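# Using only what follows, build the 3D model:
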Amino acid sequence: MATSPSTAAPRLETDRLVLRMFQEGDFEAYARIGADPDVARYIGNGLPLTRQEAWRGLAAHIGHWALRGYGMYALEEKATGEFVGRAGFFDPEGWPGFEIGWTLARECWGRGYATEAARRLLDHAFADLGREHVISVIQPGNAASVRVAERIGERLERTVELGGREVLIYGIDRDAWLQRPAPMRA
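Predicted coordinates:
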């Protein structure tokens with residue numbers, strides 16, 4: 001019997017982050033992050049989000065949970081309770097696979113949050129969600145995301161056209177993940 005999709009995200013934690021369901025109160029920070037040209041450069045069409053686009057994006061993340069039973073998490077810094085970005089799973093109709101992705105506020109770049117969240121999420125994908133393979137869709141030139149993908153054990157698998165743009169598909173399967181030493185996983 002198939003499980004019913006849900007809008008409730010299981011709360012996950014790392015040493016420094018809480019991964020939780022989005023809340024309406026996240027909107028201002030979410031919109032600010034999406035409006036930053038440096039953040040937006042490698043997402044979608046590469047343009048900063050308007051407030052309306054940010055609202056639709058936030059609603060789409062919540063809707064993905066309702067339709068698929070998994071999705072993006074809000075990232076909250078444990079020490080401050082501050083919303084610092086998003087990380088999680090994405091697999092809408094026509095997508096090249098079950099994706100793990102991440103987006104952080106520019107002021108949080110370089111702290112290792114994306115890698116920390118992605119490692120926890122891969123454990124969740126393979127151990128709890130029963131996934132056999134996970135990908136990351138990365139635009140060429142996004143060296144920071146390539147480094148995160150490689151740190152979590154993903155390797156370049158192929159290049160595809162998505163939304164009229166060429167993107168890189170990095171990926172890892174369950175067996176490769178389980179062969180990594182435990183400190184390199186979560």
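
# packing partners for the top helix by length along the chain?
The helix that spans the most residues within the chain, counting by DSSP state H, is helix 51-68. Packed against helix 51-68 by the contact rule (3 or more CB pairs under 8 Å, 6 or more residues apart in numbering; DSSP states H and E) you find helix 27-35, strand 83-90. No exception for glycine: its C-beta is placed from N, CA and C like everyone else's.

# partners of the last one in the sheet?
Paired with strand 83-90 in the same sheet, following DSSP bridges, are strand 72-77 (antiparallel), strand 99-104 (antiparallel).

# ok, and what's touching that strand?
Contacts to strand 83-90, defined as CB atoms under 8 Å, 6 or more residues apart in numbering, come from residues 17, 19, 22, 26, 29-30, 33, 61, 64, 68, 70-77, 98-105, 108, 113-114, 117-118, 121, 125.

# which of those are buried?
Neighbour counting by 16 or more other CB atoms under 10 Å classes 17, 19, 22, 26, 30, 33, 61, 64, 70-77, 98-105, 108, 113-114, 117-118, 121, 125 among the contacts of strand 83-90 as buried.

# ends of stretch 66-73, how far apart?
When the termini of stretch 66-73 are compared using CA to CA, to the nearest Å, they are 13 Å apart.

# How far does that stretch sit from its chain's centre?
Between the centre of stretch 66-73 and the centre of its host chain there is 11 Å, according to CA atoms, centre = their mean, to the nearest Å.

# any chance you could map the strands in the chain?
Assigned by DSSP state E, the chain shows strands spanning 12-13, 17-20, 72-77, 83-90, 99-104, 133-138, 155-162, 165-173.

# a markdown table for these, including mean pLDDT and distance to residue 57?
As requested, those are exported to a markdown table (pLDDT from 0 to 100; distance: least, CB to CB, whole Å):
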| stretch | mean pLDDT | distance to residue 57 |
| --- | --- | --- |
| strand 12-13 | 98 | 21 |
| strand 17-20 | 98 | 17 |
| strand 72-77 | 98 | 9 |
| strand 83-90 | 98 | 9 |
| strand 99-104 | 98 | 10 |
| strand 133-138 | 98 | 16 |
| strand 155-162 | 97 | 17 |
| strand 165-173 | 97 | 18 |
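
# Would you mind telling me which of the ones you listed is nearest residue 45?
Distances from residue 45 to each of the strands of the chain were compared using CB to CB; the minimum, 7.9 Å, belongs to strand 165-173.

# Any buried residues in the closest one, and which?
Burial within strand 165-173, assessed by neighbour count using 16+ other CB under 10 Å, is assigned to 167-172.

# Mind putting those residues into CSV with distance to residue 8?
Output for the buried residues of strand 165-173, formatted as CSV (distance: CB to CB, whole Å):
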residue, distance to residue 8
167, 31
168, 33
169, 30
170, 29
171, 28
172, 27
